[in-house]
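Participant: sequence-free structure coming up:
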């Protein structure tokens, strides 16, 4: 059994821009802080992921303030960070190599957004052979206008995307459950 | 502009096993047949994908009848087929290389299931730089029991997974729209 890393995805200021619409799980960041504290206390590996968009209208372009990681989950000195420009952090980065070199076989994934970058990372991690847990109350997404003209709530999108991942690509757990299990 | 390939994912007999629960879009296979006929008529590239599971309880294990591709969408001689054992057809296969070598820059994706292997392929194809269309009425999925104990309908899972993909990883279109656009 290898180590379990906490993977913190795209918790950046630009994702609070009203452009993205209403978000669910307002306490997701507080839960990430609880998990980060626990991982730091136990000296378990932490990997931070930051999105630097190349899309013209993105709020996460590297020259914008929106690109900054939120203060409460900023990496500490010595914690690994990868920067990506597509949805999956496994594409165009050294993440897979880093995990294998550091004997990391399991990932606990938190961050934004559930159905875009969190789901993309979860799917690839699982397909590459890692054991994955996604934390339901330390992830969140936005409402989205559907291709069918219907506005879908952030909570419905969040939940159904986790239902699709659970059992096939990962185990979905709450912050409380993860804190209890990781010792 | 490169060519547009039709990617037909996991349309296998074992996915009709009652084990998987109720499915939506009963006409998905008929729509795949319409698209396959059009692609064959226009001599555009077609790529078939088959899942050969290594999971002990899977209905798609290579030694089972459930592994067989459904008769109506079986590859014809000369059509490329890739076999995979994880969700994303881009992992552990030569698909990306095949597409680049054949000057294919766009994919129209159909098949099963929307939220598992279709979504996984769509996400990676987009992240790898391909232009992707997913056909809403030539894909389908099953009902799923959620991590929260709630049974989610196949139609809700199908629709919300497509909403999450649309605009970020692909364009969602109907069979009729694709047939009209591809000339």
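Facilitator: Received, thanks. Please read these numbers as outputs of a predicted model, since none were measured by experiment. Numbers count the residues shown, from 1 in each chain, chains lettered A, B, ... in the order given.

Participant: around chain B, pick out the residues from chain A.
Facilitator: Counting by Cβ under 8 Å from any Cβ of the partner chain, the residues of chain A close to chain B are A:86-88, A:91, A:115-116, A:119-120, A:123-124, A:126-128, A:136, A:144, A:146-148, A:152, A:156-157, A:159-164, A:166-169, A:172. C-beta: built from backbone N, CA, C; applies to glycine.

Participant: among those residues, which ones are in strands?
Facilitator: Cross-referencing the residues of chain A next to chain B against strands under DSSP state E gives A:136, A:144, A:152, A:172.

Participant: for the residues you listed, which one is nearest chain B?
Facilitator: Looking at those and their distance to chain B, the nearest is residue A:172, at 4.2 Å (Cβ to the nearest Cβ).

Participant: please name the residues that touch that closest one.
Facilitator: Counting by Cβ atoms under 8 Å, 6 or more residues apart in numbering or on different chains, residue A:172 makes contact with A:133-136, A:162, A:165-166, B:147.

Participant: out of those, which is most surrounded?
Facilitator: residue A:134 (29 neighbours; other Cβ atoms under 10 Å in any protein chain shown).

Participant: my guess is that residue meets residue A:165, correct?
Facilitator: Yes: between residue A:134 and residue A:165 there is a contact under Cβ atoms under 8 Å: 6.1 Å.

Participant: shared neighbours, these two?
Facilitator: The contact sets of residue A:134 and residue A:165 overlap at A:122, A:172 (Cβ under 8 Å, 6+ apart).

Participant: run a quick neighbour tally on residue A:11.
Facilitator: Neighbour tally, residue A:11, other Cβ under 10 Å: 23.

Participant: show me what contacts it?
Facilitator: Contacts of residue A:11 by Cβ under 8 Å, 6+ apart are A:29, A:32, A:69-70, A:73, A:111-112.

Participant: ok, residue A:122 next?
Facilitator: A:109, A:132, A:134, A:165, A:169-170.

Participant: 10 Å instead, please
Facilitator: Residue A:122 makes contact with A:7, A:9, A:88, A:107, A:109, A:114, A:130, A:132-134, A:139, A:161-162, A:165-166, A:168-170, A:172, according to Cβ atoms under 10 Å, 6 or more residues apart in numbering or on different chains.

Participant: same thing with residue A:183?
Facilitator: For residue A:183, the contacting residues are A:38, A:42, by Cβ under 10 Å, 6+ apart.

Participant: and for residue A:119?
Facilitator: A:87-88, A:109, A:113, A:134, A:139, A:141, A:161-162, A:164-165, A:169-170, B:115, B:119-120, B:123, B:161, B:164-165.

Participant: go on, residue A:54?
Facilitator: A:60-62, A:85-86.

Participant: the same query, at a cut-off of 8 Å, please.
Facilitator: Residue A:54 touches A:61, A:85, counting by Cβ under 8 Å, 6+ apart.

Participant: partner strands of the helix or strand where residue A:132 lies, with direction?
Facilitator: Element membership for residue A:132 (DSSP states H and E) is strand A:131-140. Sheet pairing of strand A:131-140 (DSSP bridges) gives strand A:104-112 (parallel), strand A:171-173 (parallel).

Participant: show me where chain A has helices.
Facilitator: A:28-41, A:95-101, A:119-127, A:154-165, A:175-181 (DSSP state H).

Participant: most tightly surrounded among these?
Facilitator: Counting by mean count of other Cβ atoms under 10 Å in any protein chain shown, helix A:119-127 has the highest mean neighbour count of the helices of chain A, with a mean of 26.

Participant: residue A:155: what's it in contact with?
Facilitator: For residue A:155, the contact set (Cβ under 8 Å, 6+ apart) comprises residue A:24.

Participant: ok, it to chain B distance?
Facilitator: If you measure residue A:155 against chain B using Cβ to the nearest Cβ, to the nearest Å, the figure is 11 Å.

Participant: circling back to that earlier point, between the ones in strands among the residues of chain A next to chain B, which is nearest residue B:47?
Facilitator: For those, the residue nearest residue B:47 by Cβ to Cβ is residue A:144; the value is 29.2 Å.

Participant: identify the bridge partners of that closest one.
Facilitator: residue A:152.

Participant: count the neighbours of it for me.
Facilitator: 24.

Participant: so for residue A:183, what's the pLDDT?
Facilitator: In this model, residue A:183 is scored at 78, pLDDT.

Participant: for chain B, see how far away it is.
Facilitator: 22 Å.

Participant: and if you look at residue A:176?
Facilitator: Residue A:176 is 14 Å from chain B, by Cβ to the nearest Cβ.

Participant: quick check: the gap between that residue and residue A:7.
Facilitator: Note on residue A:176: its distance to residue A:7, by Cβ to Cβ, to the nearest Å, is 19 Å.

Participant: burial of residue A:138, as a residue count?
Facilitator: 29.

Participant: er, residue A:88 I mean
Facilitator: 24.

Participant: what does the one 3 residues further on give?
Facilitator: Residue neighbour count, defined by other Cβ under 10 Å, stands at 21 for residue A:91.

Participant: most neighbours, which of the contacts of residue A:11?
Facilitator: residue A:111 (29 neighbours).

Participant: what bridges to the nearest residue to that residue once chain neighbours are set aside?
Facilitator: Counting by Cβ to Cβ, 6 or more residues apart in numbering or on different chains, residue A:9 is the residue found nearest to residue A:111 once chain neighbours are left out, at 3.1 Å. Using DSSP bridges, the bridge partners assigned to residue A:9 are residue A:49, residue A:111.

Participant: residue A:9 and residue A:178: what is the separation?
Facilitator: Per Cβ to Cβ, residue A:9 is found 16 Å from residue A:178.

Participant: please apply the same query to residue A:36.
Facilitator: For residue A:36, the distance to residue A:178 - Cβ to Cβ - is 12 Å.

Participant: much appreciated, bye for now.
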